[in-house]
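*Asks:* Build me a structure from this.
(one chain, ligands or ions: 1)
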Amino acid sequence: MIMNDPDDYAVHLQDVSRTYGKGPTEVAALRHVTVGFPRGSFTAVMGPSGSGKSTLLQCASGLDRPQTGSVRIAGRDITRLREKELAELRRDHVGVVFQSFNLVPSLTAAQNTVLPTRLARRRPDPARVRDLLQRVGLAGRERHRPAQLSGGQQQRVAIARALLSRPEVLFADEPTGALDRGTGHEVLALLREAADTYGQTVVMVTHDPEAATYADGVLFLTDGRIVDSLRRPSVDQIAARLGGSR
Ligand SMILES: Nc1ncnc2c1ncn2[C@@H]1O[C@H](COP(=O)(O)OP(=O)(O)OP(=O)(O)O)[C@@H](O)[C@H]1O
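*Replies:* So this is what the prediction gives:
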C-alpha cells in the first residue's frame with residue numbers, strides 16, 4: 001500500500017526535533033525525524049545507547065513535547081493540544097509501558113491493572129484481567145502491592161495495565177528488558193496479538209534482536225536520526241545491522 005497522507009498512519013511524526021539543555025551542554029536527542037507507524041503494525045526501534053530511542057517514544061506518545069515538528073495521533077496534532085486535551089487523547093488512545101512504571105503504591109497488582117480503564121469510565125472485564133495477569137506470569141500475585149513485587153514483576157503489571165484497555169497505540173520501552181526468557185516471549189506474543197487480532201499499533205524500543213523479530217519492521221536510530229529500516233528481519237540480519245554498536 002502506498003501511504004502519503006499522515007492520517008493513513010496511527011502515529012505520524014513530521015520533522016520532529018528534541019534538544020535537551022542549552023549552550024555547551026546542549027544535546028540533540030532527535031534531529032528532524034519524519035516517520036509514520038501504519039495502523040495495526042508492530043515496529044521495533046533499535047540503536048545504540050543515547051541514540052534517541054526513548055526520546056522518540058516520549059515525543060510520539062505525548063509525554064514530551066518536541067521543539068519543532070508535529071506528531072499526529074488519532075488524526076490530531078498532539079503538539080498543538082492544551083495539557084487537558086492531550087491528557088484526554090492519551091487516556092483514550094494511547095497505552096505506555098515505560099521504564100518508570102508509575103504504579104500506584106497503595107493499590108494491588110489487579111487494581112493497578114484496571115485503573116486506566118476505570119479512569120476512562122469503562123468497566124474492566126474481570127476474566128480478561130485474570131487472563132492478562134496470568135499470561136504475564138503474575139498468577140497468585142494479583143493482591144500484592146508494588147512494594148511486594150520485584151522490578152520485573154512491577155513491569156509486568158504495567159504491561160497488563162497497558163494491554164487491558166486495548167489502546168489504539170501502544171508504546172513500550174524495553175518491555176522485556178527485566179524479564180526472564182519465557183515471560184519475555186509471552187509479553188512479545190501479547191504485543192504481536194495486540195497488532196494482529198485487535199489492530200493496535202505497537203511501537204517498541206528494544207536492545208534485543210530476538211525480541212525485534214516479533215515486529216513487522218525495525219527502525220534503527222543513530223545520533224537522533226533514523227538511519228535505516230528492515231522489514232521482517234531475522235535475528236542475524238538485525239545483529240549484523242547493529243554490528244558493534246550495541
Ligand atoms: N532529560 C534529559 N536531559 C538531558 N539530556 C537528556 C535527557 N534525556 C535524554 N537526554 C540525552 O538525549 C540523548 C538521547 O537519549 P535517549 O534516552 O532518548 O536515548 P536512548 O537511545 O533511549 O538510550 P538508552 O538505550 O541508553 O536508553 C542522550 O544523549 C541523552 O543523554
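
*Asks:* and the spatially most central residue of the chain, what is it in contact with?
*Replies:* In the chain, the residue lying closest to the centroid (Cα atoms, centre = their mean) is residue 171, at 1.5 Å. Going by Cβ atoms under 8 Å, 6 or more residues apart in numbering, residue 171 touches 57, 60, 61, 94, 95, 96, 97, 98, 203, 204. The C-beta positions use only the backbone N, C-alpha and C, and glycine is treated the same way.

*Asks:* Get me the contact residues on the protein for the ligand.
*Replies:* 20, 21, 27, 29, 47, 49, 50, 51, 52, 53, 54, 55 (Cβ under 6 Å from any ligand atom).

*Asks:* Cross these against helices and list the overlap.
*Replies:* The members of those that map onto helices under DSSP state H are 53, 54, 55.

*Asks:* Distance-wise, check the last one relative to residue 16.
*Replies:* If I follow you right, that is residue 55. Distance of residue 55 to residue 16, given as Cβ to Cβ, to the nearest Å: 9 Å.

*Asks:* likewise residue 112?
*Replies:* Counting by Cβ to Cβ, the gap from residue 112 to residue 16 is 31 Å.

*Asks:* do residue 98 as well
*Replies:* Going from residue 98 to residue 16 by Cβ to Cβ gives 18 Å.

*Asks:* hang on, the earlier thing: which of the residues of the chain next to the ligand are buried? Put it as a PyMOL command.
*Replies:* Buried members of these, defined by 16 or more other Cβ atoms under 10 Å, are picked up in PyMOL with:
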select buried, resi 29+47+51+52+53+54+55
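
*Asks:* now, the most widely separated pair of the residues of the chain next to the ligand?
*Replies:* 21 and 47 (20.5 Å; Cβ to Cβ).

*Asks:* Mind listing residues that contact the longest helix anywhere in the chain?
*Replies:* Using DSSP H, we find that the single longest helix of the chain is helix 181-198. Helix 181-198 has contacts (Cβ under 8 Å, 6+ apart) with 40-42, 132, 135-137, 152, 156, 159, 163, 166, 170, 172, 175-176, 179, 200-202, 204, 208, 211, 214, 216.

*Asks:* Please apply the same query to stretch 82-95.
*Replies:* In contact with stretch 82-95 (Cβ under 8 Å, 6+ apart) are residues 61-62, 73-74, 76, 78, 81, 116, 119-120, 161-163, 165, 167-171.

*Asks:* Within the helices and strands, which one has residue 85?
*Replies:* Element membership for residue 85 (DSSP states H and E) is helix 83-93.

*Asks:* I'd like to know how many residues surround the nearest residue to residue 109 once chain neighbours are set aside.
*Replies:* Closest residue to residue 109 apart from its sequence neighbours, by Cβ to Cβ, 6 or more residues apart in numbering: residue 157 at 4.8 Å. Residues within reach of residue 157, counting by other Cβ atoms under 10 Å, total 28.

*Asks:* cool, the one 4 residues further on as well?
*Replies:* By the measure other Cβ under 10 Å, the count of residues near residue 161 is 25.

*Asks:* residues in contact with the closest residue to it other than its chain neighbours?
*Replies:* The shortest distance from residue 161 to any non-neighbouring residue, by Cβ to Cβ, 6+ apart, is to residue 113 (4.7 Å). Applying Cβ under 8 Å, 6+ apart to residue 113 gives the contacts 124, 129, 132, 133, 157, 160, 161, 164.
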